[in-house]
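Novice: Predicted model and sequence follow; I will ask about them next.
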Number of protein chains: 4
Amino acid sequence: MIVVMEPGATDEMIEQVIKRLRDFGFDVHLSKGVERTVIGAIGEKTAEKIQQIEATPGVQRIIPILQPYKLASKEFRQERTQVNVAGVVFGGAHVPVIAGPCAVESREQLLETARLVKAAGAHLLRGGAYKPRTSPYSFQGLAEEGLKLLAEAREETGLGIVTEVVNPRDVETVAEYADMFQIGARNMQNFTLLTEVGRTKKPVLLKRGLSATINEWLMAAEYIISAGNPHVVLCERGIRTFETETRNTLDLSAVVAVHELSHLPVIVDPSHGTGKWKYVTGMAKAGVAAGADGLIVEVHPRPEEALSDGPQSLRPEVFEQMMKAVDQVARAVGRYVLEQPCAANLA
Amino acid sequence: MIVVMEPGATDEMIEQVIKRLRDFGFDVHLSKGVERTVIGAIGEKTAEKIQQIEATPGVQRIIPILQPYKLASKEFRQERTQVNVAGVVFGGAHVPVIAGPCAVESREQLLETARLVKAAGAHLLRGGAYKPRTSPYSFQGLAEEGLKLLAEAREETGLGIVTEVVNPRDVETVAEYADMFQIGARNMQNFTLLTEVGRTKKPVLLKRGLSATINEWLMAAEYIISAGNPHVVLCERGIRTFETETRNTLDLSAVVAVHELSHLPVIVDPSHGTGKWKYVTGMAKAGVAAGADGLIVEVHPRPEEALSDGPQSLRPEVFEQMMKAVDQVARAVGRYVLEQPCAANLA
Amino acid sequence: MIVVMEPGATDEMIEQVIKRLRDFGFDVHLSKGVERTVIGAIGEKTAEKIQQIEATPGVQRIIPILQPYKLASKEFRQERTQVNVAGVVFGGAHVPVIAGPCAVESREQLLETARLVKAAGAHLLRGGAYKPRTSPYSFQGLAEEGLKLLAEAREETGLGIVTEVVNPRDVETVAEYADMFQIGARNMQNFTLLTEVGRTKKPVLLKRGLSATINEWLMAAEYIISAGNPHVVLCERGIRTFETETRNTLDLSAVVAVHELSHLPVIVDPSHGTGKWKYVTGMAKAGVAAGADGLIVEVHPRPEEALSDGPQSLRPEVFEQMMKAVDQVARAVGRYVLEQPCAANLA
Amino acid sequence: MIVVMEPGATDEMIEQVIKRLRDFGFDVHLSKGVERTVIGAIGEKTAEKIQQIEATPGVQRIIPILQPYKLASKEFRQERTQVNVAGVVFGGAHVPVIAGPCAVESREQLLETARLVKAAGAHLLRGGAYKPRTSPYSFQGLAEEGLKLLAEAREETGLGIVTEVVNPRDVETVAEYADMFQIGARNMQNFTLLTEVGRTKKPVLLKRGLSATINEWLMAAEYIISAGNPHVVLCERGIRTFETETRNTLDLSAVVAVHELSHLPVIVDPSHGTGKWKYVTGMAKAGVAAGADGLIVEVHPRPEEALSDGPQSLRPEVFEQMMKAVDQVARAVGRYVLEQPCAANLA
């Protein structure tokens, strides 16, 4: 790290900082410019040491050189990690699509949706049993009953199950039914929850927090991996900005950046990313073109009856068209979504 | 709510929307302009119904008229709620100050800090036993051992205890020791946790999320109140913006806005709000001038040895000066911080 | 528009508002709910009237129903506008690429770049003669001398010229040389400049402001169109958010949204959008997949010698690869970049 | 500056970077860590050189150590600059208040407002003659006619005039009438305009851009000072964030930060900062408590008839109360607003 001293720092202060750095085991390089004294410190460092040096009298600021994540970094592992979820692999040439309703509402709704998305070519089924809702008066999900319905849908369609866990107490229960945990945006820094799913061996879909930097997102992944679970798939789902035309601002450059910084696969959620079904197909195509390793999309047979997120849910026929469109884009970048390319021209 | 139809919505679509609104029990007013048809819908509405109407064909968007929180709103209760924490009251003429270290690090550190902040006039002691840290490799707190030290510090100094709870499983344990729960910014939408502290009768300090709107913050309070616990104090601690000179952007207009929209008391955290101890006193004074019902400030006897947040922690002598300064500002707006105004001129 | 009255608004206040609305020529619909009185007002309205009603005693807020832009809206014109710049058309099946250096630095640098981007398939040449720089000590551009070099490059390569104008006084001079004005992000709300380029007939590339909403961006286009110049091409170039890994956050959903709200073509600038050349190709592909009607990309023969924006400039060979890659994506969405699809497999 | 090399940078690349740095005249310190090579470079540097080094192969990123502004920095000048506007001084113990309507609408409106704000204790008169409006269909100001009315109001009341200039062509005309130029938020990076007001000797009120960092804001001031005009007063007027309850987010920590980083006085605009008159007094008090060197506030005799910004304009009687309230807060921090403290208790 680099320690920048204040303009008025005395020689005593500088020596005191150097002494502390050496006590912490750093190699120290002093560099006195005309306007600033800067101290380079090489060695193993922890967040504690950084803050302690930063709080030492005479220090203006600390500039870390290395990123704080290790196991999630590309330096730790060069080739893309492949995460296998019920036989579906994220991180290879194939670009899997997770589809299904925002929430499991009923047996009929779920089974109908599962059949429809399966028919359209989806690879995994999503559906929330525990719903984190902004309002305490909103539908909070069917809980374990919902998990059972998901398992039934898997039984029937063969689609593996991706579902959210929000409470550390439910990790075991959800693990019994799901093929992949989803950690939602609001829980990206629920470190208790991250650690607990990290103690299982089940794949984790880790959504980016609403105002999380890419760096913080990779640190959240580091929590899971360092607890023992390397099967992490990241999910860009939009960040919060000043723009109100879309529900969030889908940051597709995060896909490109994650591929530069990390070995973890990263998928895109154009449903939450835009909040409007009309914008979903366009952003799904853009996500795949940017190099996304998968998509997660909300589909509902009758969005106008959905108990949550109807406005951003695709009708099954629109989803089917989207699948064909994203497959064509995937093939243009050397990958594929559908096993069989569709013949139709989508222009 | 107001339903805005798309420019091309057909008469059939409009009739269908009106029918659904009536089925939901709304009183309906149709208003056809030259360019848009707008439907006013009066009645009790839930988030589900709003989204279902929004997802109906032909609907462009929904504009809710009423805010979604009820129990937290000023319309529910006009006078300011007073929250009593171990004899210290938030929401009256007095402006209490919560002070102490970011984390409980050791018996010596905590007791020393407690004595110092007490001597400077603080009214409650803060200190984290369970620390939500961005990095899994950082000090995670002393857990229950930390709670015991906090209780010992209360024993000695008489200061009530404010401490964070991050795991629903720890709510009971924390409740045994603390006088007030703190819900941190990263957990503002950890709805499980909100509901569980809502089932106790212990006061809750609810920090605003990093990218939470004031509306969402009040909805989080609604979770706690609707679960049965009306003893909520809000805490503005800075939001995330593009500015990097400060750790967060302390949004003091949130204090003014909360007083307009809600009956809950709201305090200010200038330590996290700025991230730099040099900026704390200025923003503490500004917070009190804006009408804050209290302050929460990080103090450490030796910030350069702190295991977290040293750069934003005040040294005890600076904290003492801050207390005098904020007391003078409080008196200028008809309130007070210190029981006895200090004689010294602070100009 | 919808006028929402305060909860405590008296009957007198309500009548006063209705009277004012009628005086302004609105048709008025009164709707008294249990908790709020809401007044619908139909008719032609101006920003003045909206604010005057909003400032009337008893009014809580105003909700406009119609978007404020007219000539830029899809309701004004359904089919996509085509803008012809020196024979290159934006808004059709072809996806033109504007390429060149950030700044015109010298005759050699510009001509070399022009030849290289032409050879790689670019359709128009960019290059700044007047540079808006954050620092007064940075290279400010060659001014008219730069414009002459651009004209010379056009002469030699046949590529039309796109260049920025920053000063209303220079509009005439720039118009003499350029085929298309560029209005930079920092000038998106320089209304004097917008009006002046609106009085010419030359095409305008209107970049989105760093923190401009899509709505404000379309209002800026409205300034140009309403002044008499309908030849406007919008350019998404990234917005300012909290993320620091990228220079800006490229908001590709803006492409999709503009196509929904407006008839104007919209292109994407992945160079400023990311700030790093490594991220440019990925985001260029994503932009085309999202439906962008063109691209603008910074290219420099030797980025390490560039007088501005070297870190985000592509080397010519990387640009050539990018052209092939985006062409393949364009063809997957029913469009094309290169006249002749390249045979090479880009996987 | 610090040059951080990529993990895979070769020795050749490192030597090439060192050679270039030495050619640029830097003193170079090489520091090879286990995971990264870092090169410290001491010497005079320009933005061009920084970017050229950053674009050199093998370089991952550049970390500048010194801030880019010189003349605006506290290191250039330690004591607070005092700016004298028609006898009113910003930057001393006195906290002047600039008040008046958003726009000059008519002779009657302006003179009436001038008399009222003068009676309430205001020190300077504001009023826009050239209005930058989001919509081309909104009232654009009375132009020179408005300037004449401002001069007449000064004649009658003795209040100096602060008014916005938006077009470089109008600088001379505005200078004839005004005592202080205002550069609006949308023009903070209109570098042509900055340079032109920098060539006059008239004081400049420089508003912070909607999404400008404090660093960029000081760079804008540097443009004015380096052009020859040191009479700059900064104005915090709110930044753009995701929050919608307020028009902007008034960043009062910017006041504290500017005082740490610069010698320039900084004032606060609570009218634009909040967008709602009800929030103005609270934020005005907070601004003064944070150390603001002045306030600028919109006042209109009849906000419901204002041609712009009525919802955020104070009625004269509210303004009068605000003046008393901010004076009391100013005195609590060792300063004053009114020459004579008012006797009334404002509690």
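Specialist: Now that the structure is in, tell me what you want to look at.

Novice: So residue A:225: helix, strand or coil?
Specialist: helix (DSSP: H, G, I helix; E, B strand; the rest coil).

Novice: contacting residues for it?
Specialist: For residue A:225, the contacting residues are A:71-72, A:198, A:232, by C-beta atoms under 8 Å, 6 or more residues apart in numbering or on different chains. The way it works is simple: take the backbone N, C-alpha and C, and place the C-beta from them, glycine included.

Novice: again with residue A:276
Specialist: Applying C-beta under 8 Å, 6+ apart, we find residue A:276 in contact with A:246-247, A:311-312.

Novice: Farthest-apart pair in these, please.
Specialist: Spatially, the most separated pair among those is A:246 and A:311, at 11.7 Å (C-beta to C-beta).

Novice: any residues in contact with both of these two?
Specialist: A:275-276.

Novice: What score does residue A:319 have for pLDDT?
Specialist: Residue A:319 is assigned a pLDDT of 98 by the prediction.

Novice: Name the nearest residue to residue A:236, sequence neighbours excluded.
Specialist: Once flanking residues are discounted, residue A:236 sits nearest to residue A:254: 4.6 Å by C-beta to C-beta, 6 or more residues apart in numbering or on different chains.

Novice: got the buried residues for the helix or strand in which that neighbour is found?
Specialist: Assigned by DSSP states H and E, residue A:254 belongs to helix A:253-261. Applying a neighbour-count criterion of 16 or more other C-beta atoms under 10 Å in any protein chain shown, the buried positions in helix A:253-261 are A:253-259, A:261.

Novice: now stretch A:49-61
Specialist: For stretch A:49-61, by 16+ other C-beta under 10 Å, it's A:49-56, A:58-60.

Novice: what residues are up against residue A:283?
Specialist: Shown in contact with residue A:283 (C-beta under 8 Å, 6+ apart): A:250, A:252, A:268, A:270, A:273-274, C:252-253, C:256, C:290.

Novice: Adding pLDDT and distance to residue D:79, write the residues you listed out as a markdown table.
Specialist: Compiled in a markdown table, the contacts of residue A:283 are given as follows (pLDDT from 0 to 100; distance: C-beta to C-beta, whole Å):
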| residue | pLDDT | distance to residue D:79 |
| --- | --- | --- |
| A:250 | 98 | 49 |
| A:252 | 98 | 49 |
| A:268 | 98 | 54 |
| A:270 | 98 | 55 |
| A:273 | 97 | 51 |
| A:274 | 97 | 53 |
| C:252 | 98 | 49 |
| C:253 | 98 | 49 |
| C:256 | 98 | 54 |
| C:290 | 98 | 54 |
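
Novice: show me where the stretch 1-150 of chain A has helices.
Specialist: A:11-23, A:47-54, A:107-120, A:144-157 (DSSP state H, counting those that start in this stretch).

Novice: more neighbours, residue A:246 and residue A:311?
Specialist: Neighbour totals were compared for residue A:246 and residue A:311, and residue A:311 leads with 25 against 21 (other C-beta atoms under 10 Å in any protein chain shown).

Novice: quick one, phi/psi of the more buried one?
Specialist: phi -60, psi -20 (degrees, to the nearest 10).

Novice: Please apply the same query to residue A:205.
Specialist: Torsion angles, degrees, to the nearest 10, at residue A:205: phi -100, psi 110.

Novice: does chain B sit close to stretch A:101-109?
Specialist: No: Stretch A:101-109 lies out of reach of chain B by C-beta under 8 Å from any C-beta of the partner chain, never closer than 9.6 Å.
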